[in-house]
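Undergrad: Structure for the following, please:
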Amino acid sequence: MPLQAQTLAPHIQKINHEAKPWVFWYWMHASFSKEGITADLKAMNEAGIAGAYIAPIKGKTNPPLYEPVIETLTPAWWDIFKFALEEAKRFDIKIALLPNDGFATAGGPWITPQLSMQKVVYSAATVKGGSLFNTTLKQPEAYQNYYQDIAVLAFPTPGGKTQSTQEIKPLVTTSNGQDASFLAETGHKKNFGSNEPCWIQYAFEKPFVCRSIKISVNNFNHQSNRLWVEVSDDGKNFRSLGRLQAPRTGWLDWDAPVTHEIETVSAKYFRFVYNPEGTEPGAEDLDAAKWKQSLKINGIELSSLPKIHQFEGKSGLVWRVGEHTKTIPDDLAIPISSIINLSDKLDTEGNLKWTAPKTHTEWTIIRIGHTSTGHKNETAGAGKGLEVDKFNPEAVKLQFDKWYGEALRVAGADLAKQVLGVFHVDSWECGSQNWSPVFMAEFQKRRGYDPTSFLPTLAGFPIASPAKAEQFLYDMRKTIAELMHDNFFVTLKNLAQQHGAIFTAETTAPVMLGDGLKHFGTVDVPMGEFWAKSPSHDKPNDMLDAISGAHIYGKNIIQAEAFTTVRMEWNEHPGNLKTLQDRNYALGVNKLVYHVYVHNPWLDRKPGMTLDGVGLYFQRDQTWWEQGKEWVAYAERCQSLLQQGKPVADLAVFVGEEYPSRAILPDRLVNTLPGIFGDERVAAEAQRMANKALPTQKVAGVTTSANMAQPERWINPLRGYAYDSFNADVLQLASFKNGKVVFASGAEYRILVLPLKHQLNPNQYYTETSLAKILELVNAGALCIIGDKPQFKTGLKADEKLFNHVVEAIWGGTFENIKVAGSYYEFKNSGKGKFIKAPFLPKDFSFLGAHQDVLVKDAQGKEAPVIAWNHRKTATKDIYFISNQLDTERNLSFAFSVSDKQARLYDAVSDTNIPLKQYQVKDGYTHISIKLPANGSLFVIFEGSSSLKEINKGFNYIQYQNLKNISTAWKVKFNQSHGGPAESIMLDSLQDWSTHSNPQIKYYSGTATYNNSFIHKVSKNEEIWLDLGEVANIASVKVNGIDCGIVWTPPYRVNISKALKKGQNQLEIKVSNTWVNRLIGDQLLPEDKRITKTTAPFRLEGKALNKAGLLGTVSLLKVIE
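TA: Model prediction:
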């Protein structure tokens, strides 16, 4: 049967609108036109795009880019917005809207400071015991004059007396001679900087007692928080106190300093030594370590006060994770009984009159209140304002009503119902918050006690004991996480539902403290994001949050903001984006939202408007836009299959119960499952983390650490096993059935994993409730790998007796040590199940009944690297997606853990089935030899029962016979409006345009049409393909005027059988390259002679021209049956 008759039939031929990709449709700088909107939507429809997320970005420029200026919130804005909805209806494009003007996050001018995100602020004063304090207690920080008191408390100063470098000024010197005296001062924006190892020294006239060090930076700087601390009594002989340990931080980390605990020390000289050697490579949760590791520090404050280690993050003020306080002795903690509430003694002017008891030498008075964080929806235009209080449901309702609600009113019920049906929370770029007018009541309701006496802990003071203070801070973080979910996401979900809208959202981490998975159980459609050619900004943890969140909560559609780019290089095309796309399909993504389609108000300017040079240039004026519809069709075909059934994974990894929490990246599991990762990966990871010489990389003009855990280096990390991360929320409803742990959503797993300590759970936080549930599941028959024994209880109301009981039941007792296939593992039976100690050394889990899902070997019989895969299962089918992540053709042997179904291969690029002529069923696997082209992908679909154990009738790929090369001269016509020559040219042989002597061709960007002819003798039932050889970058083929298809990735072949006729055949090939060459060429021309007009900054200085055109060899191929 000819292959064109074997297109994937039922599950693709039936239209699945959910499978069609969407776009982010950004409207820039108050520059909109109705004709541009119509052109945009028409182009989307023709390309196969199903919907668009509208986001107006930024306000008007000076001078305006386009006139008339249309600012958001004006009548003209709502008029053009409604026009866009009407046109979207006409072109069958669905529209989504975000919570505000801009893409981040939820705010506007209607949000007053009282309704905005709030934070705890404080001021402190001291008074001698027995003395009268009768003065104004300084009001803490107030944003726009908004401040509200929470409490005024007095307590004995820990350590007896306060001293800090705010009062006792040191002599500041440096090893490099730079002035650093300002580091002991506050209220300035100066930096001390160095690219070379150096030290900063504080010298005091008398020994200074120090228990904590506060580090301040102007933006973020990793090295400031990993300085070595040395002390001396004579300025010559120094002893080391160790190195400061930076907390885990996200990218928006400038809202608070970092306070480090140190062991009590008295010395006259303190040195802070900068040496970047040994720095951990950067990550999403160690963002400041991604960049050049120079030192840039704004302040170093030494204090005699003992402070809870890194309390700023632990209080929820910023997204951070730090280790438990270790050095403060209990006798330096503030007894609860000694705290005196003075709130009723503070008058309306802030004056306080109080006599301190004589029982202690010095008393500290702390005034605690709250104000706005000051964060705004910074990407907005005229709709910019404060970010809404995420803990206050009434404020959230107001925000919804003022933007999305107004959009619904403007649209009218009928139009809104037909078009405006998606409400979306996008990037979280507004920081965290740790207070609200509703917080005190919510805390008492949820945690069961009044937190007032512990409030000084929010300023770092150890109340009751360091351990109790940490428990209170845990309760704070847990309450923050719950309120963010319950009062923000659930409120928005209910509002969206009331208005008939689907609710979609991206992740909140690593910016807003929370459970990084839980809100994905509330939204209808989770969304992550992945970036192209932007390792500095890529979001692998975002993707795993969305994917695991969707899997454990049973959400079928997993969207991805796709191909976001930090700096456009204008060389993007479907072929060089495919492996990134496929890798994310393999992870679990099954719906793309291309980032970004920017509204271009002009019809005569190309490339036109951009997101200021950020994002994939995916819009109607892209050179390959018309042909790119085949790339979109590929996405639709893949997504239609990947939305079927449920994902298959063998391992469920518990993220733990620290807040904030996220899905666990594969590199964080290497120490827990070294045997599964394999010796080579374990050694490579050790080398990566050692980060010797701090190697860097430069991508798209951005320099970052070369050793970051980039996702392309973690393909198929568990070598045939897949895993999801899960949280405590889904654990509570889990059960054990048929040999698997099953969540309420139906997600099921063979093995549970409680990992060893890792970056986002350094304190091994688990509640007694969760541990009791783990014990219950194991006793019912589950298998569970366990890491470190928990040492710390969570909240103040933790059931200590139950905690100790379940910890002993899980980690106590005798573990047997047994050798399996050359490796030892420790386990103990518990009920019907097993606890297995980490690190897990065996190479697989087969002896535990969990066999690898996919095995891949190369032609030499060795394990084949960088093959990405995904497995989904329906009631009747097993669907595997496999992707070759290398730019070279590969012959591979696959083994799939299905043995009772009939297999077939489907190529989503060409939309054809490939006849399966060889396979073998053996040892529970179906073994299939598969040839994957460079960057190639296939679906392997098992459907229908089969008793056949082996077929050996040939190869599982199409074989060709080369009939002829087309080597006659080519006529090539370029588009004059894109700067090409007016007349056609003749090429005796195919040539790269960028090497042509004619600058109109050398710098050409756009589409050129190649014409040629060939003679063919038609034979009955023959199948003929045209192979284009090398193409730069995408091509469409017609034979005798009949469309034969578009090629955009290797192998560049189309089936031309239907178009052939006997004798002379006319061949037309249209080839499109990218914008890069024309943009480079235009820089050589006067501005008034340039072809291109764009708002993007030019960043192509010194860049080489890209290959362009049809490079060949072009040949006719005959399929060999």
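
Undergrad: residue boundaries of the strands in the stretch 451-600 of the chain?
TA: 502-505, 525-531, 559-564, 591-598 (DSSP state E, counting those that start in this stretch).

Undergrad: typed the wrong thing, it's the stretch 301-450 of the chain
TA: For the stretch 301-450 of the chain, applying DSSP E, counting those that start in this stretch gives strands covering 320-321, 340-341, 351-355, 362-372, 386-387, 420-425.

Undergrad: Highest mean neighbour count out of those strands?
TA: Highest mean neighbour count of the strands of the stretch 301-450 of the chain: strand 386-387, a mean of 27 (counted as mean count of other CB atoms under 10 Å). C-beta coordinates here come from the backbone N, C-alpha and C atoms, glycine included.

Undergrad: What is the burial count for the nearest residue in space to Gln310 that is not next to it in sequence?
TA: Nearest residue to Gln310 in three dimensions, chain neighbours excluded: Gly322, at 3.5 Å (CB to CB, 6 or more residues apart in numbering). Neighbour count for Gly322, taken as other CB atoms under 10 Å: 24.

Undergrad: Gly322 is in contact with Glu312, isn't it?
TA: No. Applying CB atoms under 8 Å, one finds Gly322 not in contact with Glu312, separated by 9.0 Å.

Undergrad: could you check the distance from Leu616 over to Met609?
TA: 14 Å (CB to CB, to the nearest Å).

Undergrad: if you count what's nearby, which of the two comes out ahead?
TA: Met609 (26 against 23).

Undergrad: and the gap between the more buried one and Glu529?
TA: Computed as CB to CB, the Met609 to Glu529 distance reads 22 Å.

Undergrad: quick check: mean pLDDT across stretch 959-967?
TA: Stretch 959-967 shows a mean pLDDT of 95.

Undergrad: If you could redo that for stretch 291-300, that was the one I meant.
TA: For stretch 291-300, mean pLDDT rounds to 97.

Undergrad: Could you do stretch 1104-1121 as well?
TA: 96.

Undergrad: That stretch: end-to-end distance?
TA: Start and end residues of stretch 1104-1121 are separated by 44 Å (CA to CA, to the nearest Å).

Undergrad: buried ones in that stretch?
TA: 1105-1112, 1114-1119 (16 or more other CB atoms under 10 Å).

Undergrad: re earlier: can you lay out the strands of the stretch 451-600 of the chain as TSV showing mean neighbour count?
TA: Formatted as TSV, those follow (neighbours: other CB atoms under 10 Å):
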stretch	mean neighbour count
strand 502-505	21
strand 525-531	25
strand 559-564	26
strand 591-598	26
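
Undergrad: any weak-confidence spans in the stretch 51-200 of the chain?
TA: Under the criterion pLDDT under 70, no range of the stretch 51-200 of the chain is flagged.

Undergrad: any idea where the helices of it begin and end?
TA: Applying DSSP state H, counting those that start in this stretch to the stretch 51-200 of the chain gives helices spanning 75-90.

Undergrad: Report the strands that pair with the helix or strand harbouring Gln697, each with its relative direction.
TA: In the assignment (DSSP states H and E), Gln697 maps to strand 696-699. Strand 696-699 has the following sheet partners, assigned by DSSP bridges: strand 702-705 (antiparallel).

Undergrad: Could you count how many residues lie near Gly129?
TA: Using other CB under 10 Å, Gly129 has 16 neighbouring residues.

Undergrad: typo on my end, it should be Phe204
TA: For Phe204, using other CB under 10 Å, the count is 18.

Undergrad: got TSV for the strands of the stretch 301-450 of the chain, with mean pLDDT and distance to Val742 too?
TA: Listed next are the strands of the stretch 301-450 of the chain as TSV, based on pLDDT from 0 to 100; distance: least, CB to CB, whole Å:
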stretch	mean pLDDT	distance to Val742
strand 320-321	98	30
strand 340-341	99	50
strand 351-355	98	59
strand 362-372	99	43
strand 386-387	99	39
strand 420-425	98	30
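
Undergrad: for those strands, which one sits closest to Lys578?
TA: With CB to CB as the criterion, Lys578 lies closest to strand 420-425 of these, at 26.4 Å.

Undergrad: looking at it, Met28 is touching Val596, isn't it?
TA: No. If you go by CB under 8 Å, Met28 and Val596 don't touch, sitting 10.0 Å apart.

Undergrad: Common neighbours of these two, please.
TA: Common neighbours of Met28 and Val596, using CB atoms under 8 Å, 6 or more residues apart in numbering, are Leu611.

Undergrad: Which residue, other than its chain neighbours, is closest to Gln764?
TA: Spatial nearest neighbour of Gln764, excluding adjacent residues (CB to CB, 6+ apart): Pro790 at 4.6 Å.

Undergrad: what residues are up against Ser436?
TA: The neighbourhood of Ser436, defined by CB under 8 Å, 6+ apart, consists of Gln118, His370, Asp389, Lys390, Phe391, Asn392, Glu442, Leu483.
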